[in-house]
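[1] Coordinates only, no sequence provided:
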């Protein structure tokens, strides 16, 4: 008998992550720096009919800013496969706020440089 899985999510990211777990598949994440890289990742994901995570690293935001995040979100919204936009290893509060305003699906806040007590 197959198990019944029930999950409550607010985003497609949560749903496709759950589907990948049930199917025992990984969801690859790629650091993105520009339109050309984004286009290549989305084309490959589409050809493989596979979900993908587009990651913005704080270094890429230092030159691409909120416009980079908005581009990733716009391309996510028209992609033919499930796509999530993620801010990875965020340490700067303003970049975190920027990502939240832009509408990213997830953020990994990196506190590794902070004292343990904090």
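    That came through fine. Nothing here was measured: the structure is a model prediction, and the numbers come from that model. Numbers count the residues shown, from 1 in each chain.

[2] can you give me the mean pLDDT across the longest strand seen in the chain?
    In the chain, assigned by DSSP state E, the strand with the most residues is strand 83-90. For strand 83-90, mean pLDDT is 92.

[3] tell me what it is packed against?
    Contacting strand 83-90 under the criterion 3 or more Cβ pairs under 8 Å, 6 or more residues apart in numbering; DSSP states H and E are the following elements: helix 12-22, strand 29-31, strand 52-56, helix 58-78, helix 93-102, strand 106-109. The way it works is simple: take the backbone N, C-alpha and C, and place the C-beta from them, glycine included.

[4] Which one of those lies nearest to residue 39?
    In terms of Cβ to Cβ, the element of the helices and strands packed on strand 83-90 nearest to residue 39 is helix 58-78, at 7.8 Å.

[5] what comes into contact with stretch 69-89?
    The contact list for stretch 69-89 (Cβ atoms under 8 Å, 6 or more residues apart in numbering) reads 11-13, 15-17, 27, 29, 31-32, 35, 38-39, 42, 45-46, 49-58, 61, 95-96, 98-99, 102-108, 110.
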